[in-house]
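> got a sequence here, can you model it:
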Amino acid sequence: MPETGIGLFPDVGGAAWLPFVGGGWGEYLGLTGARLKGSDAKRLELATHYVPAWTEEKEKAFLARVEETGDVGGALDEQAAPVDGSRTALDDEVESYFHGKESVPAILEGLRAAAGGSEFAARTLEGMAGLSPSSMCATFEQISRGRELAGDVERVLEMEFGMTQAMMREPGGDFYEGIRAVLVDKDGKPSWKHGIEDIESVSRDVGMYFVPPETGWTKNDA
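This next block holds a predicted model:
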């Protein structure tokens, strides 16, 4: 979920599932844009199957099995590899720095305190320093509110529609700068509206992204 790198947030329903990836993983993925390996996605129950290498031979066997039985899940079962669901050292680190924190500044404070002795903390802190502070704070609040909405997709989409409109209306907002830096000019050097040193004030002002849009919301907008 790379949206904090373009001044946005994990939209199109991110708040319907990120809050429920346990152990701080939802916050970690949403805030940092970190990528999961296939086996980790399966271990965290974000994927139903893990196939390490999808070769032409496996593809033919899969399609033949589906054609024969009509059972997609069963055909995938035959190609999938087992995944060890045991807790890992990465789980411990993600939970330590991202689970149960009250704000993005609190997460950053914990990472800074540990950066001297933890490669994970140092690497994560460095990565977050280049992301949009406004987007990270909005994403953190989005995940918190999504947890309260208990996976109600319609209400989640309504909230995220409002967030998108607010970010697009914000004068000098990060969304336009992020798109410029990553997708238009591709210089990879966004100049965010706020610096990471302003994260405390940005976190306090995050409510501006959760004001219902002036146009309202109807099911036809979906």
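
> residues of the helix or strand harbouring R145 that come out buried?
R145 belongs to helix 133-148 when assigned by DSSP states H and E. By neighbour count on 16 or more other CB atoms under 10 Å, the buried set for helix 133-148 is 133-143, 145-146. From N, CA and C alone the C-beta is placed, and that goes for glycine too.

> TSV for the residues you listed, including pLDDT and distance to R169?
Shown next, in TSV, are the buried residues of helix 133-148 (pLDDT from 0 to 100; distance: CB to CB, whole Å):
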residue	pLDDT	distance to R169
P133	97	18
S134	97	13
S135	97	15
M136	98	20
C137	98	17
A138	97	14
T139	98	18
F140	98	21
E141	97	18
Q142	97	17
I143	97	22
R145	96	20
G146	96	22
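
> out of these, which comes closest to W192?
The closest of the buried residues of helix 133-148 to W192 turns out to be P133 (CB to CB; 6.3 Å).

> tell me how far that closest one lies from E126.
Distance, P133 to E126, by CB to CB, to the nearest Å: 15 Å.

> D198 touches S132, doesn't it?
No: assessed by CB atoms under 8 Å, D198 is found out of contact with S132, at 11.5 Å.

> mind listing what the nearest residue to G146 once chain neighbours are set aside touches?
Distances taken as CB to CB, 6 or more residues apart in numbering put A15 closest to G146, at 2.8 Å, once the chain neighbours are dropped. Contacts here follow CB atoms under 8 Å, 6 or more residues apart in numbering; on that basis A15 touches 142-143, 145-146, 149, 156, 159-160.

> please repeat the previous calculation with a cut-off of 10 Å.
By CB atoms under 10 Å, 6 or more residues apart in numbering, A15 lies in contact with 9, 26, 30, 139, 141-149, 151-153, 155-157, 159-160, 163.

> in three-state terms, label it for me.
helix (DSSP: H, G, I helix; E, B strand; the rest coil).

> show me where the protein has its strands.
With DSSP state E, there are no strands along the chain.

> tell me how many other residues crowd the residue nearest to H49 when sequence neighbours are not counted.
Leaving aside its chain neighbours, H49 sits nearest to A80 (4.1 Å; criterion: CB to CB, 6+ apart). Neighbour count for A80, taken as other CB atoms under 10 Å: 16.

> let me know whether A80 touches V72 as I believe.
No: at 12.0 Å, A80 and V72 do not qualify as touching, with contact defined as CB atoms under 10 Å.

> give the contact list for T48.
By CB under 10 Å, 6+ apart, the residues touching T48 are 41-42, 73, 76-77, 80.

> let's go with 6 Å and repeat that
Applying CB atoms under 6 Å, 6 or more residues apart in numbering to T48 gives no contacts.
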